[in-house]
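Peer 1: What follows is a protein structure lacking sequence information:
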């Protein structure tokens, strides 16, 4: 059994405005150089278009699914940009999971990107948080963030459209964990 949970939509205008402005300036500069010297500079345009395509792919690839039917085989799969995290539900500390606002709980804000992507209004991948813990994040907003601790001490920070529904679905698999 697989259940998919919608991720809060990315504000593409906000997320891609800075990289796109940079690419427009670089492309404009290359075109000016091409007119001055020769057209060989135009060979650098395909890599620039490739960067644009990669940015669009990574920002659009946001998915949260819950696979399995029992606690032993249940897995939370998070596709975030170029990263995919598969975490067994049995490895989650669901008693410590909660919904929070990162504007109030600033200790959980991503501080340093270790492996992933970070644009305005979009963070995905492995990050070091302000409280120096490691987390796998898929953030498209700072309010209504689902924070789920793992048994390893790392965290999951997610922004599903309905975080309480995802948390309830996770707790359905592990009611015995909640009694601890």
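Peer 2: Received it, and whenever you're ready, just let me know what you need. Here the structure is a predicted model, which is why all the values come from computation and not from measurement.
Peer 1: How many residues are close by residue 151?
Peer 2: Residues lying near residue 151 (other CB atoms under 10 Å) number 12. Backbone N, C-alpha and C define where each C-beta goes, glycine included.
Peer 1: I meant residue 25, not that one.
Peer 2: Residues within reach of residue 25, counting by other CB under 10 Å, total 10.
Peer 1: Can you name the element that comes right after the longest strand along the chain?
Peer 2: Using DSSP state E to define each element, the chain has its longest strand at strand 110-119. The C-terminal neighbour of strand 110-119 among helices and strands, as given by DSSP states H and E, is strand 122-129.
Peer 1: so what does that following strand touch, helix or strand wise?
Peer 2: Applying 3 or more CB pairs under 8 Å, 6 or more residues apart in numbering; DSSP states H and E, one finds that strand 122-129 contacts strand 83-88, strand 110-119, strand 134-139.
Peer 1: List the buried residues of the strand or helix carrying residue 48.
Peer 2: Per DSSP H and E, residue 48 falls inside helix 45-60. Using 16 or more other CB atoms under 10 Å as the test for burial, helix 45-60 gives 55, 58-59.
Peer 1: nearest to residue 10, of the residues you listed?
Peer 2: Taking CB to CB as the measure, residue 10 lies nearest residue 59 of these, at 5.6 Å.
Peer 1: Need the per-residue pLDDT for the closest one.
Peer 2: pLDDT for residue 59: 78.
Peer 1: Residue 123 too?
Peer 2: Listed pLDDT for residue 123 reads 92.
Peer 1: Going forward, count from 8.
Peer 2: Noted, 8 is the first residue going forward, which turns the last one into residue 130.
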